[in-house]
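> take a look and give me a structure for this.
(one chain, ligands or ions: 2)
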Amino acid sequence: MADTTHPSPLVPVSEHRAKVAALLEPTAIEHRSLDDCLGLALAEDLTSTIPLPPFDNSAMDGYAVRSVDLTRAGPEQPVMLPVTADIPAGRIELPALEPGTAHRIMTGSQVPPGADATVPVERTDGGTEQVSVYEAARPGAHLRRAGEDVSAGTRVLAVGTSLNAAHLGVASAVGTARLPVHRPPRVLVLSTGSELVAPGEPLRAGQIYESNGMMLAAAVRQAGGQAHLLRFVPDDVDAFHAALAPHLDTTDLIITSGGVSAGAYEVVKDALTDNGVEFTSVAMQPGKPQGLGRYRGGPAVVTLPGNPVSSMVSFEVFVRPALRRAAGHEVTLRPRREATLTESLTSSPGKRQYRRGLFDAETGTVTPHGGPGSHLLSAMARANCLLDIDEDAAEIPAGSPVTTWLVD
Ligand SMILES: Nc1nc2c(c(=O)[nH]1)N[C@H]1C(S)=C(S)[C@@H](COP(=O)(O)OP(=O)(O)OC[C@H]3O[C@@H](n4cnc5c(N)ncnc54)[C@H](O)[C@@H]3O)O[C@H]1N2
Ligand code: MOO
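Numbers count the residues shown, from 1 in each chain. Ligands and ions are numbered 1, 2, ... in the order given. The predicted structure follows:
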C-alpha cells in the first residue's frame, strides 16, 4: 500500500523534465521506403547526387526558338518559322534547332541544342507544320535551367527533419527510394482504476468512462511514437504485473495514468515502488504527483496523474519533448508565443501553472479557457494553447505578457 506519511518536497518542473528526457535513448535507425516515412525524423542528411532540374527544360507548352530569329516579331507582324520537330516530355534523342526554325515543345521537355527561349503557344497561331509567332522572345524566356533548384552535391534535407509531404517530394525528386529514419518509440499506455468503463458500455453508479488511455495513446501517435493501448488494468498489483509482462521486450516506454497520489488504492504506486520507479511531487499545477524510472531495469516508465487534464498537461510538459527527442526530431518543443493576457489570472505561488487558453494569432492575445480544475476535460478539448505561468506568480493582471504553447 502507498506510504502517505512522508510527503516529499516539491521537485522543480525543469528537474523532472530533464530526468524524463534522460530515460529515453534515441531509437534505432531503419531504412524505410519513402511511403513509410511520413512524420518520422530523418537520421542523416540527404545530399542530392543530381541537379534539379536535371536538364534545361521548357516552362511552357509552345515552341523552342532562337530569340534572334524573333527580334522583329509583334502582334501586327508575325514571324513565320517552319516547325521541324515535336518534343513531348520524356523524349531523349533531340535534333538540334537549326537557325530560322522552331520545335514544338511541351512543359518539362528538354530544350534542344541551339534553342535559347520558348514562345508560349498562346503567342502563336499554334501551327504544326509552320508557326506564326506574334511576340519577340528574350534569351532565356520560359526556360528552367539545370540545377536552378538544387545543384548536385548539395544537402536537400537535414538530419532531424520531421518528414512532411514536401520533404518526401524533394527526396523523391532527387531519386531517393528509401531514407534512414528513427524507428518510432514503442509506447505502452496503461489505464488503471476499477471505476473505469469502456466507452460504448452501460455506465453504472460510481463509474466513469475511461478517457485517458485513448487520449494519451493519440498524443503519443501525434508526437511521432507508436502507441499500444492497454485499458482497464484493475486496481490489483498482481494483475498489473501480469498485464505488463507480455509487452516488456517490445516496449521502450510505459506510460500509466492514475493511481499515483495519496489514496489507499494507488495500484501504480504500490506495484512500481519496489520495481525501479521513484515517485515525486512536482511543483506544478495540474500534474503534481509524478513518477519515473525503469520497470525492473527494463523499459522506461513515466507515471502520470489520473485527472484527465493533469494527465494531458503532464504528457505535454514531460513526455512529449522526450519522445520527440528519442525519435530523432530536431524540433521537440511546441511552438511558443509571447501573448498578451486578455483577463487577469490567479495562480498558486510555488507551483508552475499550466492553464488552458485560446490564442488569437491576429491580435497576439490569449484568453484563459475553463478554470484551473484538472477534471475540466471539455475546456481543454476546446483550447488551442497552454499558458505557461511562472512559479512565483500569484496574480497576473490583464495586459501582461504570457508565454503560450500552441497545441493541436
Ligand atoms: N490527499 C490527497 N489527494 C490527492 C492529492 C494529494 O496530494 N493528496 N493529489 C491530487 C492531485 S493533484 C491529483 S492530479 C490526483 C491524482 O490522482 P491519481 O493519479 O492517483 O489518480 P486517480 O486517483 O486514480 O484518479 C484521479 C481522477 O482521475 C480519474 N481518472 C483516472 N484514470 C482515468 C482514466 N483512465 N480515464 C478517465 N479518468 C480517469 C479518476 O476517476 C479520478 O476522478 O489526486 C488528487 N488527490
Ligand atoms: O496535480 Mo493535480 O493535477 O493538481 O489535479
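
> where does the stretch 151-300 of the chain get nearest to ligand 2, residue-wise?
Nearest to ligand 2, among the residues of the stretch 151-300 of the chain, is residue 286, at 2.9 Å (C-beta to the nearest ligand atom). C-beta: built from backbone N, CA, C; applies to glycine.

> tell me the contacts of that residue?
Neighbouring residues of residue 286 by C-beta atoms under 8 Å, 6 or more residues apart in numbering: 305, 307, 309, 310, 313, 314, 354, 372, 374.

> is the spatially closest residue to the second one that is not a sequence neighbour in a helix, a strand, or coil?
Spelled out, it's residue 307. Excluding its sequence neighbours, the residue lying closest to residue 307 (C-beta to C-beta, 6 or more residues apart in numbering) is residue 374, at 3.8 Å. Three-state call for residue 374 (DSSP: H, G, I helix; E, B strand; the rest coil): coil.

> next one, pLDDT for residue 374 please.
The per-residue pLDDT reported for residue 374 equals 94.

> just the element for the closest residue in space to residue 273 that isn't next to it in sequence, please.
Excluding the flanking residues, the one nearest residue 273 by C-beta to C-beta, 6+ apart is residue 279, at 6.9 Å. Using DSSP states H and E, residue 279 sits in strand 277-282.

> using CSV, list the CA coordinates for that strand.
The C-alpha trace of strand 277-282 is given here as CSV (Å, rounded to 0.1, in the frame of the first residue of the first chain):
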residue,chain,number,x,y,z
VAL,A,277,10.1,3.6,-10.2
GLU,A,278,10.5,6.7,-8.0
PHE,A,279,7.5,8.8,-7.1
THR,A,280,7.7,12.5,-6.6
SER,A,281,5.6,15.6,-6.2
VAL,A,282,6.4,18.2,-8.8
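
> quick thing: my sequence starts at 636, can you match it?
OK, 636 is where the count begins now, so the last one is strand 912-917.

> which other helices and strands contact that strand?
Using 3 or more C-beta pairs under 8 Å, 6 or more residues apart in numbering; DSSP states H and E, the elements in contact with strand 912-917 are strand 645-646, helix 648-658, strand 924-929, strand 935-939.

> change it to 7 Å
strand 645-646, helix 648-658, strand 924-929 (3 or more C-beta pairs under 7 Å, 6 or more residues apart in numbering; DSSP states H and E).

> related to what we said a few turns ago, ok, now how distant is the residue of the stretch 786-935 of the chain closest to ligand 2 from ligand 1?
Going from residue 921 to ligand 1 by C-beta to the nearest ligand atom, to the nearest Å gives 6 Å.

> now swap in residue 1040 and tell me
Distance of residue 1040 to ligand 1, given as C-beta to the nearest ligand atom: 20 Å.

> next, count neighbours for that residue.
Using other C-beta atoms under 10 Å, the number of residues around residue 1040 comes to 19.

> secondary structure element for whatever residue of the stretch 686-835 of the chain ends up closest to ligand 1?
Nearest to ligand 1 in the stretch 686-835 of the chain, going by C-beta to the nearest ligand atom, is residue 826, at a distance of 3.6 Å. Following DSSP H and E, the helix or strand that holds residue 826 is strand 821-827.

> off-centre distance for that strand?
21 Å (C-alpha atoms, centre = their mean, to the nearest Å).

> helix or strand next in line after it, which one?
By DSSP H and E, the next helix or strand past strand 821-827 is strand 831-832.

> and that following strand, what does it pack against?
Using 3+ C-beta pairs under 7 Å, 6+ apart as the contact test, the elements touching strand 831-832 are strand 843-844.

> the strand it packs on and ligand 1 in contact?
Yes. On the criterion C-beta under 6 Å from any ligand atom, strand 843-844 is in touch with ligand 1 at residue 843.

> chain center to that strand: distance?
Centroid separation for strand 843-844 versus its chain: 31 Å, with C-alpha atoms, centre = their mean.

> which residues does the residue of the stretch 686-835 of the chain closest to ligand 1 contact?
Taking C-beta atoms under 7 Å, 6 or more residues apart in numbering, we find residue 826 in contact with 845, 847, 848, 866, 867, 868, 892, 893.

> for the last one, which non-adjacent residue is closest in space?
The shortest distance from residue 893 to any non-neighbouring residue, by C-beta to C-beta, 6+ apart, is to residue 941 (3.0 Å).
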